[in-house]
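>>> Test case, fold it:
(2 chains)
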Amino acid sequence: MFHRLLASFLLLTASTFAQAGFDPLPVDEIAPGIFVHLGASELMTRANEGAIANVGFIVGADAVAVIDTGGSLNEGRKLLAAVRSHTDKPIRYVINTHGHPDHVFGNAAFLSEGTSFVGHRNLPRALAARGHFYIDSFRRIMGDELLKDVVIVPPTLLIDDTRELELGGRSLVLRAWSTAHSDSDLTVVDKQTGTLFAGDLVFLAHIPVLDGSLRGWLKTIDELGETVVRRVVPGHGPVGDWPAALADERRYLERLGSDVRALVKAGKPITAAAATAAGSERSRWDLFDDYNARNATAAFSEIEWE
Amino acid sequence: MLTQLARLLGLAGLLVAMQFGAALAPAAAADPYDPWPGLVQDIFNNRDMNDGSAVIAIEMPYRAEDAAIVPVTLRNLLPPDDPRRVVAITLVIDQNPSPMAARFELGSASSVSQISTRVRVNNYTDVHAVAELSDGKLYMTKTFVKASGGCSAPAAKNMEEAQAKIGQMRFRQFARPGEGPTSGAREAQVMIGHPNNSGLQMDQVTQLYVPAFFVNELRIWQDGNLVLAMEGGISISEDPNIRFTYVPNGAKGIRVEAKDTAGHVFQNEWQVDASGI
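Sure, this is the predicted structure:
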């Protein structure tokens, strides 16, 4: 109830703020009708307003789909301003590729009559389990000013397996994956241009971040690699050729897995994994020191059950 | 005593979390409020806390890399000729929704010298280890842990897998470098598959909080002698994992029994490798 009240309040304020002149988020038209803002390869901070993930939108003949909304309500409002600077068509769908804060904190900027929020069947559960923790945690990191209006907006349209969404002369193919980067990974393919929005199933340049299952992710990469598209918009990093863009991530995850497996076999404790696993990958990734120990810890707790 | 423990381990945490959840209380980093004196009252009945720096050590990473899996190691520092022994160790994560993470009871004849497990850490927090010695006194030491940033959360990563693994148990023995094969201490590990669900999330359909569901009791014996017992709460990570160093008593097997809050009992028994490895 509290959330619904807050949501309807934000519904009123979202349009006000958009009109109040938030600068449009810079976007590139990477293919006809497909606009992408590349997030900074950084941690979410007050200075970058949480704008670290790639976000974008696809414009059809009748309507628009927004794919991920950014790491703060401010970023969401700027993304809305970017949409409005390119088209007046209604935003029919806001698609969240998974439940992490850098992808969903801007959702409330898009609360509007006629807009459906779309997510993996597990996304409501993930947001219920983590949403309050994320808000508290990032209030500490980014400050109350950026966090005070962030609300968790769960999806209203759930994807069980695959589903096509229609934007008018342009259909998007959504696919829900089993646990990989997270337990709510969803991809979007624009058939018209052969563009895959992979969410955080694909990282380029930015070290992959494991919050699901290492073995599941490697399996998913194999299946995802069979998708017939020309290019990928990863969750983090530059737009890449397909499927070549998967190579670095696969190499990192395989290395992490084999290093951790060797440590488990040798009877080493979990702290040894954090200190040493995948160390050979260090020079190849942005933010390695921020995430590798955490990936190794998560991988260890999975692989020790093999 | 048991109901009081249950309250501290689960219910109190749940109530606190509900209040926090509803009010979206500001994070505690900027909050000068120190919960420790209140915790000493609630958990230890205000008993005197003696300096434990020569009795017990607590090791945790300064930064919680993954909020759901933060390794912690407790070491018994009493010299071998000390007439006192450690009877129990209580682990308290001050800023967690349920601060009392675990209480370990150390078997009287097993000389447990080291215990490692994994906990959830929600916030920037002091973590206290309180040892109760056979002299009846409490000895406290503490460390500080920074919460993790990023997208990690003190919640399950793979709920389907966690559910599928409920009740699976694993036992491992490890070689201890520099220690003899047939005498002296051994190191072993017990793993129990369990989501250890904190109960802090709301069901989307019913808008009710999901009940907490966790392993609240774990006992490890060599034959009839208790090696180690743990009373755990929702701050213990998914798939409870205890690695410990003990002195074998010649028993041929290690037996483990665990119970969860839904009344499930999980038990298993393993042969001890005679070589000690």
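>>> So which residues of the stretch 101-250 of chain B form strands?
Counting by DSSP state E, counting those that start in this stretch, the segments of the stretch 101-250 of chain B that form strands are B:114-119, B:125-133, B:138-145, B:169-174, B:186-192, B:215-222, B:225-232, B:241-246.
>>> Of those, which is nearest A:V150?
Closest to A:V150 of those is strand B:125-133 (C-beta to C-beta; 23.3 Å). No exception for glycine: its C-beta is placed from N, CA and C like everyone else's.
>>> For the closest one, output the C-alpha coordinates as PDB.
This file holds the C-alpha atoms of strand B:125-133, laid out as PDB (Å, rounded to 0.1, in the frame of the first residue of the first chain):
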ATOM      1  CA  THR B 125      29.500  -3.200  11.600                       C
ATOM      2  CA  ASP B 126      31.500  -4.200  14.600                       C
ATOM      3  CA  VAL B 127      31.700  -8.000  14.900                       C
ATOM      4  CA  HIS B 128      32.200  -9.300  18.500                       C
ATOM      5  CA  ALA B 129      33.400 -12.700  19.600                       C
ATOM      6  CA  VAL B 130      32.700 -13.500  23.200                       C
ATOM      7  CA  ALA B 131      34.400 -16.600  24.800                       C
ATOM      8  CA  GLU B 132      33.000 -18.100  27.900                       C
ATOM      9  CA  LEU B 133      35.800 -19.900  29.800                       C
END
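>>> How far away from the center of its chain is that strand?
The chain centre lies 11 Å from the centre of strand B:125-133; the measure is C-alpha atoms, centre = their mean, to the nearest Å.
>>> who touches it?
Applying C-beta atoms under 8 Å, 6 or more residues apart in numbering or on different chains, the external contacts of strand B:125-133 come out as B:28, B:36, B:39, B:44, B:49, B:52, B:55-58, B:60, B:72, B:74, B:76, B:78, B:84-96, B:121, B:138-145, B:147.
>>> Need the strands of the stretch 101-250 of chain B in TSV (columns: mean neighbour count and mean pLDDT).
Below are these laid out as TSV (neighbours: other C-beta atoms under 10 Å in any protein chain shown; pLDDT from 0 to 100):
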stretch	mean neighbour count	mean pLDDT
strand B:114-119	22	98
strand B:125-133	23	98
strand B:138-145	19	98
strand B:169-174	17	95
strand B:186-192	21	96
strand B:215-222	21	97
strand B:225-232	21	96
strand B:241-246	22	97
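>>> For chain B, give me its nearest residue in the stretch 151-300 of chain A.
Relative to chain B, the nearest point of the stretch 151-300 of chain A is A:R294 (3.8 Å; C-beta to the nearest C-beta).
>>> Mind checking which residue lies nearest the centre of chain B?
Ranked by distance to the mean C-alpha position of chain B (C-alpha atoms, centre = their mean), the top residue is B:A102 at 3.9 Å.
>>> didn't that one look like it was pressed against B:I93?
No - look at B:A102 against B:I93 with C-beta atoms under 8 Å: they stay out of range, at 9.6 Å.
>>> Find the residues that touch each one of these two.
Both B:A102 and B:I93 are in contact with B:V119, B:S235, where contact means C-beta under 8 Å, 6+ apart.
>>> Double-check A:G267 against B:A188; I have them as touching.
No - with contacts defined as C-beta under 8 Å, A:G267 does not count as touching B:A188, sitting 10.5 Å away.
>>> list residues touching both of the two?
Counting by C-beta under 8 Å, 6+ apart, the common neighbours of A:G267 and B:A188 are B:R172, B:F174.
>>> how far is stretch A:252-266 from where the chain is centred?
Per C-alpha atoms, centre = their mean, the displacement of stretch A:252-266 from the mean C-alpha position of its chain is 26 Å.
>>> Now do that stretch, average pLDDT.
pLDDT averaged over stretch A:252-266 equals 98, rounded to a whole number.
>>> list the buried ones in it?
By neighbour count, with 16 or more other C-beta atoms under 10 Å in any protein chain shown as the criterion, the buried positions of stretch A:252-266 are A:Y252, A:L253, A:R255, A:L256, A:G257, A:D259, A:V260, A:R261, A:L263, A:V264.
>>> Just the residues you listed: which are in helices?
Using DSSP state H, the members of those that fall within helices are A:Y252, A:L253, A:R255, A:L256, A:G257, A:D259, A:V260, A:R261, A:L263, A:V264.
>>> what does the stretch 151-277 of chain B put close to chain A?
Taking C-beta under 8 Å from any C-beta of the partner chain as the contact definition, the stretch 151-277 of chain B meets chain A at B:151-161, B:165, B:168, B:170, B:172, B:174-175, B:191, B:193, B:200-204, B:237-239, B:241, B:243.
>>> Apply 7 Å and report the result again.
Taking C-beta under 7 Å from any C-beta of the partner chain as the test, the list of the stretch 151-277 of chain B residues beside chain A reads B:151-155, B:157-161, B:174-175, B:201-202, B:204, B:239, B:243.
>>> Can you flag the buried ones in the residues you listed?
The neighbour-count test (16+ other C-beta under 10 Å) applied to those identifies B:151-155, B:157-159, B:161, B:174, B:201-202, B:239, B:243 as buried.
>>> Among those, which lie within helices?
Secondary-structure check on these using DSSP H: residues within helices are B:M159, B:E161.
>>> Farthest-apart pair in the buried ones among the residues of the stretch 151-277 of chain B next to chain A, please.
Maximum pairwise distance in those, criterion C-beta to C-beta, is 41.3 Å, between B:F174 and B:M202.
>>> Surely the residue nearest to the centre of chain B and B:G232 touch.
Yes - B:A102 lies in contact with B:G232 (C-beta atoms under 7 Å); the separation is 4.8 Å.
>>> Can you pull the phi/psi pair for the nearest residue to B:F104 once chain neighbours are set aside?
Nearest non-adjacent residue to B:F104, counting by C-beta to C-beta, 6 or more residues apart in numbering or on different chains: B:I89, 4.6 Å away. Summarising the backbone geometry of B:I89 under the convention degrees, to the nearest 10, its torsions are phi -130, psi 130.
>>> Thought B:L74 was touching B:I89, still the case?
Yes - A contact is recorded between B:I89 and B:L74 when judged using C-beta under 7 Å, the distance being 5.5 Å.
>>> Find the residues that touch each one of those two.
Common contacts of B:I89 and B:L74, defined by C-beta atoms under 7 Å, 6 or more residues apart in numbering or on different chains, comprise B:I56, B:A129.
>>> Would you map the strands across the stretch 201-306 of chain A?
A:231-236, A:240-241.
>>> most neighbours per residue, which of the ones you listed?
Per-residue neighbour counts averaged over each of these give the maximum for strand A:231-236, namely a mean of 26 (mean count of other C-beta atoms under 10 Å in any protein chain shown).
>>> Tell me which other helices or strands that strand touches.
strand A:195-203, strand A:240-241 (3 or more C-beta pairs under 7 Å, 6 or more residues apart in numbering or on different chains; DSSP states H and E).
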